[in-house]
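# return a 3D structure for these sequence lines:
(one chain, ligands or ions: 1)
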Amino acid sequence: MNKTFKNKEIWFVTGSQHLYGEQTLKQVASDSQAIVNAFNESDSIPVKTVFQPVVTTPDSIYNLCLEANNTKECIGLITWMHTFSPAKMWISGIKILQKPIAHLHTQFNRDIPWNEIDMDFMNLNQSAHGGREYGFILSRMGINRKVIVGFWKEKKIQKQLADWIRVAVGWNEMNTMKIVRFGDNMREVAVTEGDKVEAQIKLGCAVYGYGVGDLADSVNGVSEKAINSLLEEYESEYTINKELLKGGPKRPSVIEAARIELGIKQFLVDGGFKAFTTTFEDLHGLVQLPGLAVQRLMKQGYGFGAEGDWKTSAMVRAVKAMTEGLDRGTSFMEDYTYHFDPSGMKVLGAHMLEICESIAEGKPSLDVFPLGIGGKSDPARLLFDVPSGPAINVSIMDMGNRFRLLTNEVTVVPTPQDLPKLPVARVLWEPKPDLEIAAAAWIYAGGAHHTVFSQAATAEMIQDFSEMAGIEHLVIDEKTNIIDFKNTIRWNDVYYHTQPR
Ligand code: MN
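Numbering: from 1, shown residues only. So this is what the prediction gives:
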């Protein structure tokens, strides 16, 4: 089966013990191998699953964990207790393990064979109690992990596992991510700031500050030939306002946009950066605010945050990594304007320019309009709407003593009318449970105005990500009520004060 993530693998580790004898252990191994084969043939599991010999001693578990830590391709462990595996054997290995764990609480057979079941069968199929013994030691040791319960052949179970694996890919990406910040923060903005040292310790991502002049050098170094061929690409991919075509009055603007795109791309490639930020307050040497460039680079998988927002940029990249190969897209987003009609309250999301093309419905149109802020030349941008359906908005804040992730489940809906005078890509959504509760909860949680908007990731995936990172996650969904939500915030404040840094 063709896997989405070629250079990544997940290890399948089966726990047992010697007491059962060689025959049973052989059967355990062959059952595990059968599950691994099925996962490798499954088109939902996005990485190769690697079978590991059944572990039955503290040494073999320790050595396996050591090897997992040292194997770059290994992004996590699926663990399964086919039989009982006394969990003191797991302590030394789990203590040193640095990779995420999914505990697949499954059983090789789905049904109890009522007529044939005997004590041999009972001794072979013990995950019901073996999984509890293993779970105890992980809980006692305070190890975050994902527990997935159900029959391994079920689509639902494989989907849950696939989503968790995708999150492990995103976590791996976050751990190795370099972010470039062109210029600094938008002056006086609070939520886009944060402790970059703590982010590197906690999340692994590293933020590199560069003067925008360094970027301008890269932009000015772009060849006319490269610009011309990129302009041809624009013409084949988008519906273009005629004024932008050769000889048209807006042609110089789109030429500049292409130059900026190529210049930023070169800078990202040369530096090995996976995410970047800009700020419209610091564009010295750039003719226009990068709009089209940002939209297209996000579509290529780069993270982005406006106004120096490196945290959102990193999360955009992490979520894009998790959702690679899925149908729907992920973008940088901002809650922009409300529709307070009591018959259906909605949020119009957009940004000045920088909404990712991956969430576009149909063919975007390319145009140039003035930007009423920043005092630069008129920037090029793509305009489009976004397909209806479920989505999430995710925000990450530095609360002073910890990072907090916040997710709101929303439903994208069509705009009731055309918006002929609005020259930006936009998306209209109804937050869950409704706008009044969702916005109040968001604000009590200190949620940022910048978000990662995704139609490919789910709140459960962000929860799994927060578990891998060991950071807080609050969810606003269908069941949210304000009193419980405020209490959760207060309890979390206490909990995170008790956690070692
Ligand atoms: Mn903004």
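
# so where is the stretch 401-501 of the chain shaky, pLDDT-wise?
Scanning the stretch 401-501 of the chain for pLDDT under 70 picks out 501.

# around the ion, which positions in the protein sit nearby?
Contact residues (C-beta under 5 Å from the ion) of the chain with the ion: 306, 334. Quick note: C-beta positions are derived from backbone N, CA and C, even for glycine.

# lowest average confidence, helix or strand, in the chain?
helix 119-124 (a mean of 93; mean pLDDT, DSSP states H and E).

# may I see the buried residues of it?
Neighbour-count burial for helix 119-124 flags Leu124 (criterion: 16 or more other C-beta atoms under 10 Å).

# how about the next helix or strand after that helix as CSV, C-alpha atoms only?
Next helix or strand after helix 119-124 toward the C-terminus (DSSP states H and E): helix 127-140. Taking C-alpha atoms only, helix 127-140 is exported to CSV below (Å, rounded to 0.1, in the frame of the first residue of the first chain):
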residue,chain,number,x,y,z
SER,A,127,-6.0,-8.2,26.7
ALA,A,128,-9.1,-7.4,28.7
HIS,A,129,-7.0,-7.8,31.9
GLY,A,130,-3.5,-7.5,30.4
GLY,A,131,-4.3,-4.1,29.0
ARG,A,132,-5.5,-2.9,32.4
GLU,A,133,-2.2,-4.0,34.1
TYR,A,134,-0.2,-2.1,31.5
GLY,A,135,-2.5,0.9,31.7
PHE,A,136,-2.0,1.0,35.5
ILE,A,137,1.7,1.5,35.2
LEU,A,138,1.5,4.2,32.6
SER,A,139,-1.1,6.0,34.8
ARG,A,140,1.0,5.5,37.9
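
# can you pull out the strands in the stretch 101-250 of the chain?
Assigned by DSSP state E, counting those that start in this stretch, the strands in the stretch 101-250 of the chain fall at 101-105, 146-149, 178-182, 206-210, 239-240.

# could you dump the ones you listed to JSON lines with mean neighbour count and mean pLDDT?
JSON lines is the format used below for those (neighbours: other C-beta atoms under 10 Å; pLDDT from 0 to 100):
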{"stretch": "strand 101-105", "mean neighbour count": "22", "mean pLDDT": "98"}
{"stretch": "strand 146-149", "mean neighbour count": "17", "mean pLDDT": "98"}
{"stretch": "strand 178-182", "mean neighbour count": "22", "mean pLDDT": "98"}
{"stretch": "strand 206-210", "mean neighbour count": "17", "mean pLDDT": "98"}
{"stretch": "strand 239-240", "mean neighbour count": "16", "mean pLDDT": "96"}
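
# for these, could you give me CSV that also reports distance to Trp429?
As requested, the strands of the stretch 101-250 of the chain are exported to CSV (distance: least, C-beta to C-beta, whole Å):
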stretch, distance to Trp429
strand 101-105, 31
strand 146-149, 28
strand 178-182, 27
strand 206-210, 30
strand 239-240, 25
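
# name the secondary structure element that contains Val13.
Val13 belongs to strand 9-15, assigned by DSSP H and E.

# what average pLDDT does that strand get?
For strand 9-15, mean pLDDT is 98.

# helices or strands up against the next helix-or-strand element following that strand?
Going down the chain from strand 9-15, the next helix or strand is helix 22-41, by DSSP H and E. Identification of packing neighbours for helix 22-41 by 3 or more C-beta pairs under 8 Å, 6 or more residues apart in numbering; DSSP states H and E yields strand 9-15, strand 48-51, helix 119-124.
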